[in-house]
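Participant: How does the following fold in three dimensions:
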Amino acid sequence: MTKPIIMTDAGCDLPGSFIAEKNIPFLGLTCHFKGKDYEDDFGKSLSYAEFYGGLRNGEMPYTSQINEYRFAEKFKELLKEKRPIVYIGMSSAISGTFNSSKLARESIISEFKDADITLVDSKGSSIGLGLLVYGACRMAEEGKSKDEIVKWLDDNKLKMNYWFMVEDLKHLKKGGRISSSKAVIGTLLDVKPIIYICSDGSLKNVANVRGRRKGIKYLVDKFRERAVSTEGQVIGISHGDCLEDANMLKKVMEKEFHNNKFIINPLGLGMATHCGAGMLSLCFFGNRR
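Facilitator: Predicted structure coming up:
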């Protein structure tokens, strides 16, 4: 049985070392920052330190979705290996990137009749998408077939829970990810908005908490309330240049919940452009989204 290729985009926010170690092909959004264009490539082209330094000093970068041409070129390159391709992408409700992958697949299939390309809309992004990629890679290494992996993804992608605490909503408002009426919340009285990714893949401001400690408690409460299991999970924590808070969240989780593995990584350029510095997220498998 031929081992499938697991492909993703840099919006998965997995550690670059893991991407390199597992040789996972990917594409990244283009980030326009300080007058230059950079591909979101896990901090190689533009370091996290420089990027977040700019955000904290008032820079307002913006991103361009991955276009059809780039997907087509990547698919053609991977098809030379004569293996099935499974692309796991960020939510189509957040970015037009997934639609670009669909257009590219259609053009490739019309040209190469034997091309085996499966697209999976994660209905999510950031480290939650990364956990789906992580699981798919593990299954491929265990010898699971393309069909088995795709079925697992379809069965579990809407069980992935995405909870984000952000400093304010100005970046999400600027990118059109949330309404203007919601964006006035944030700086007043140290209120921290809680953002959730709904089952249709869209973002929703579901709560507002006073201060970061209460925000961390809120995230932990959601894990306790919704996790399919509080032990034996791979749990994702992503952060907008606030590693201390990410480690605090992990420490609180470890104190109550045991035998879990944690993947902690900064937000990449794509997600951080829309969430801003100071964002903290917790992603895990739950009974429902």
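
Participant: rest of the way, CA atoms for contacts and neighbours
Facilitator: Fine.

Participant: quick one: low-confidence ranges for the stretch 51-200 of the chain?
Facilitator: Scanning the stretch 51-200 of the chain for pLDDT under 70 picks out 168-189.

Participant: what about the helices in it?
Facilitator: For the stretch 51-200 of the chain, the helices defined by DSSP state H, counting those that start in this stretch cover 68-79, 97-111, 126-141, 146-156, 170-174.

Participant: And the ones you listed: which comes nearest residue 45?
Facilitator: With Cα to Cα as the measure, helix 68-79 is the member of those nearest residue 45 (17.6 Å).

Participant: Mind listing residues that contact the closest one?
Facilitator: 27, 85, 100-101, 103-105, 107-108, 115 (Cα atoms under 8 Å, 6 or more residues apart in numbering).

Participant: can you tell which of the helices of the stretch 51-200 of the chain is closest to residue 232?
Facilitator: helix 126-141 (13.4 Å).

Participant: who does that closest one touch, helix- and strand-wise?
Facilitator: strand 5-9, strand 85-89, helix 146-156, strand 160-165, strand 234-239, strand 280-285 (3 or more Cα pairs under 8 Å, 6 or more residues apart in numbering; DSSP states H and E).

Participant: Adjacent strands (with direction) for the fourth one?
Facilitator: Using DSSP bridges, the strands paired with strand 160-165 in its sheet are strand 191-197 (antiparallel), strand 280-285 (antiparallel).

Participant: Please name whichever of the helices and strands packed on helix 126-141 is nearest to residue 214.
Facilitator: strand 160-165 (10.2 Å).

Participant: Mind putting the helices and strands packed on helix 126-141 into JSON lines with mean neighbour count?
Facilitator: Conversion of these to JSON lines gives the following (neighbours: other Cα atoms under 10 Å):
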{"stretch": "strand 5-9", "mean neighbour count": "24"}
{"stretch": "strand 85-89", "mean neighbour count": "25"}
{"stretch": "helix 146-156", "mean neighbour count": "16"}
{"stretch": "strand 160-165", "mean neighbour count": "25"}
{"stretch": "strand 234-239", "mean neighbour count": "24"}
{"stretch": "strand 280-285", "mean neighbour count": "26"}
